[in-house]
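Starting from these lines, generate the structure:
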Amino acid sequence: MNRFTRPLVATLAVSSLLAVSACAAAEPAGRDDNAETTITFSSYSYGTQGAAGDGMQTLLDAFSAAHPEITVLPEAVPVADALTKTKAAVAAGSPPDVQQLGYSKMAEAFATLPVQSIEEIAGDEWDAHVEGIAPGLVRTGENDGTVKALPFTVSIPTVFYNADIFREAGLDPENPPTSIDEVSEAAEAITATGHNGVYFGLLDQGKSDYLTQSVMDSAGGQTVDDDGTVALDSAKAVAGIQKIQDLTTEGLQPAVGIDDAIAAFSTGDLGMFVSTTALMSNLQAGATDKFELRTAGFPSFDSKDARPTHSGAGLVVLAADEAKQKAAWEFVKFMTSEEGYTMITEEMGYLPLRANLATDEAFLAGYFAENTLLLPPLEQLQNVTPYRSFAGAKSNQATVMLQDDAISPIILRGADTQQTLTEVADRIRELVESE
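I've put the predicted structure just below:
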């Protein structure tokens with residue numbers, strides 16, 4: 001229990017009673033400063049097991065205590081279904097007022113959903129609130145010249161590694177690999193001891209391509225060029241994915257899904273696991289009393305600087321009613337405040353998105369003094385590559401196509417890298433250009 005949750009214990013019962021009362025009573029036609037408002041919140045973290053679900057509940061409880069006049073009704077939705085379910089809710093006339101939405105789905109949401117401008121709703125409070133938030137992440141939420149999403153639960157890929165396996169393989173855990181070639185060499189030494197070497201989690205349940213982008217960008221390529229042109233079949237992008245396939249074909253990376261890789265790492269049978277820092281708490285729990293867990297930054301490719309991009313989600317507002325928009329802004333403002341971001345880091349393992357928090361004694365300085373696993377990705381966060389989306393209303397469909405029809409067969413089944421990426425790139429071009 002952190003310093004934010006301790007003062008809440010005495011007030012949670014009162015907050016719960018207020019929530020019940022607000023649900024039972026009809027909302028007033030007008031609104032004043034003391035009027036009660038109920039808003040709905042769609043979240044793929046809410047209700048899940050582990051740190052993500054527990055941390056989200058902590059945030060909701062904290063907001064309830066700070067704003068008893070606003071009742072938040074959370075709804076759990078699987079991450080892969082977040083966009084399609086909201087589209088159905090919009091069609092039925094009952095969209096959520098606020099939604100936690102993954103960045104891989106953001107562009108399509110802007111094109112197909114009635115997403116409101118948070119910047120305009122915030123009004124005079126906007127500039128002061130976003131000051132200190134990583135500017136690149138704020139810009140990622142821009143659409144039509146205004147910000148429609150604020151970064152919420154954000155992370156970047158990192159290398160988790162088993163220091164005990166490193167020692168067993170004759171590797172120095174104090175000097176983890178920093179390039180893809182060094183990762184391959186370390187994996188070869190690890191597999192010689194009978195363990196699995198490395199696993200790059202390019203395929204996840206959310207169909208997110210943040211790690212695919214991180215590999216392509218670090219190799220000097222892109223999924224989408226600066227002008228929006230589909231570029232995932234360029235020579236450099238292909239070369240990056242080829243490096244990951246080579247790990248599989250050379251027996252250094254198991255050809256399994258990410259859940260099996262997590263299980264192998266947690267049981268001490270996988271030397272390196274490359275994935276989002278959002279998994280840190282779960283991986284820590286799995287390593288406890290079994291092995292020493294450490295982290296390193298995302299590796300570079302071919303002597304180029306590492307260029308990881310971010311995964312995670314932003315908060316968007318769909319409420320059309322003015323009173324609900326005001327309540328939604330209070331909710332979004334709290335969740336992306338210094339207090340909110342501190343809880344997200346302490347409870348859920350995501351990176352703090354305000355630069356001052358990591359060194360501020362009032363917030364996360366003490367946390368980072370004791371919890372060093374997030375330090376390597378925190379350093380790379382300062383130079384993170386912005387997430388890139390395919391254009392238009394079929395953006396998410398294109399991303400799923402990339403992940404399922406290209407990356408999966410290349411990494412897991414040995415499909416020809418250039419041919420597969422070219423074929424899928426052509427299909428994506430036709431898909432996004434057909435609108």
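
Tell me how many other residues crowd G257.
Residues near G257, counting by other Cβ atoms under 10 Å, number 15. Where C-beta positions appear, they are placed from N, C-alpha and C, glycine not excepted.

likewise the one 10 residues further on?
As a burial measure, the neighbour count of T267 was computed by other Cβ under 10 Å and equals 12.

Please apply the same query to the one 5 residues further on.
Under the neighbour criterion other Cβ under 10 Å, M272 is assigned a count of 26.

So, low pLDDT: which residues of this protein?
Per-residue confidence for the chain (pLDDT under 70) gives these ranges: 1-34, 434-435.

80 - rerun?
Along the chain, segments meeting pLDDT under 80 span 1-35, 136, 205-207, 303-304, 382-383, 434-435.

Please, where are all the strands along it?
All strands of the chain, identified by DSSP state E, fall at 37-43, 70-76, 98-102, 142-143, 146-147, 150-155, 157-162, 196-200, 270-276, 293-296, 311-317.

could you list every residue that touches the residue most central in space within the chain?
Nearest to the geometric centre of the chain sits G312, at 1.6 Å (Cα atoms, centre = their mean). For G312, the contacting residues are 102-103, 151-155, 276, 278, 350, by Cβ atoms under 8 Å, 6 or more residues apart in numbering.

who wins for most neighbours among the residues you listed?
Y350 (30 neighbours).

dump the residue contacts of it.
153-155, 277-278, 312, 344.

What of A66?
Going by Cβ under 8 Å, 6+ apart, A66 touches F334.

sorry, back to before: out of the strands of the chain, flag the one nearest A391.
strand 142-143 (11.8 Å; Cβ to Cβ).

Other residues contacting the closest one?
110, 115, 148.

Just send these back as CSV, with neighbour count and distance to S208 too.
As requested, the contacts of strand 142-143 are exported to CSV (neighbours: other Cβ atoms under 10 Å; distance: Cβ to Cβ, whole Å):
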residue, neighbour count, distance to S208
F110, 21, 17
V115, 22, 19
K148, 23, 19
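
picking up where we left off before, of the strands of the chain, give the one that comes closest to A89.
strand 37-43 (8.0 Å).

Relative to the whole chain's centre, how far out is that closest one?
21 Å (Cα atoms, centre = their mean, to the nearest Å).

List the neighbouring strands of it plus their orientation.
strand 70-76 (parallel), strand 98-102 (parallel) (DSSP bridges).

Direction-wise, compare the last one with strand 311-317 and give the angle.
Translated: strand 98-102. 160 degrees (axes from the mean of the first three to the mean of the last three Cα atoms, to 10 degrees).

quick one: strand 98-102 to strand 150-155, angle?
Going by the same axes, to 10 degrees, strand 98-102 makes 40 degrees with strand 150-155.

residues in contact with strand 98-102?
39-46, 79, 82-83, 86, 109, 149, 152-153, 206, 208, 311-319, 328, 331-332.

Quick one: neighbours of E108, just the number.
23.

what do you get for the one 3 residues further on?
Using other Cβ under 10 Å, A111 has 17 neighbouring residues.

That one against A393, yeah?
Yes - counting by Cβ atoms under 8 Å, A393 is a contact partner of A111 at 4.0 Å.

ok, so of the contacts of G312, who is nearest A365?
For the contacts of G312, the nearest to A365 is Y350 (17.4 Å; Cβ to Cβ).

okay, how far is it across stretch 341-351, tip to tip?
End-to-end distance for stretch 341-351: 8 Å, by Cα to Cα, to the nearest Å.

oh, I was asking about stretch 56-76
First residue to last in stretch 56-76 (Cα to Cα) measures 11 Å.

Pull out the buried positions in stretch 83-101.
For stretch 83-101, a neighbour-count test (16 or more other Cβ atoms under 10 Å) marks 83, 85-86, 89, 95-101 as buried.

Max pairwise distance over the residues you listed: which two?
It's L83 and D97 that sit farthest apart of those, by Cβ to Cβ, at 16.5 Å.

who touches the closest residue to L412 other than its chain neighbours in this structure?
If the residues on either side of it in the chain are set aside, L412 comes closest to A255, at 4.9 Å by Cβ to Cβ, 6 or more residues apart in numbering. Listed by Cβ under 8 Å, 6+ apart, the contact set of A255 reads 248, 411-413.

again, but for L203
257-258, 403, 407-408, 411-412.

Narrow the residues you listed to those in helices?
Among those, the ones falling in helices (DSSP state H) are 258, 408, 411-412.

Identify, from these, the entry nearest to P299.
I411 (16.4 Å).

my read: that closest one touches T248, true?
Yes - if you go by Cβ under 8 Å, I411 and T248 touch, sitting 6.0 Å apart.

Between the two, which is the more surrounded one?
Legend: neighbour count by other Cβ under 10 Å for I411 and T248, higher for I411 (23 against 20).

For Y103, see how far away the more buried one is.
21 Å (Cβ to Cβ, to the nearest Å).

How many residues are close by V72?
Quick note: V72 (other Cβ under 10 Å) scores 22 neighbours.

how about L252, phi and psi?
Here is the backbone geometry of L252 (degrees, to the nearest 10): phi -90, psi -10.

contacting residues around it?
Contacts of L252 by Cβ under 8 Å, 6+ apart are 184, 187-188, 191, 197-198.

Ok, A278 next?
A278 neighbours (Cβ under 8 Å, 6+ apart): 52, 153, 155, 311-312, 348-350.

ok, 10 Å please
Contacts for A278 (Cβ atoms under 10 Å, 6 or more residues apart in numbering) come out as 45, 51-52, 153-156, 311-313, 348-351.

F331 now?
Contacts of F331 by Cβ under 10 Å, 6+ apart are 39, 41, 59-60, 63, 67, 70, 72, 97-98, 315, 317, 340.

now D172
163, 166, 186.

Just put those residues in a markdown table and tack on neighbour count.
Output for the contacts of D172, formatted as a markdown table (neighbours: other Cβ atoms under 10 Å):
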| residue | neighbour count |
| --- | --- |
| A163 | 18 |
| F166 | 24 |
| A186 | 24 |
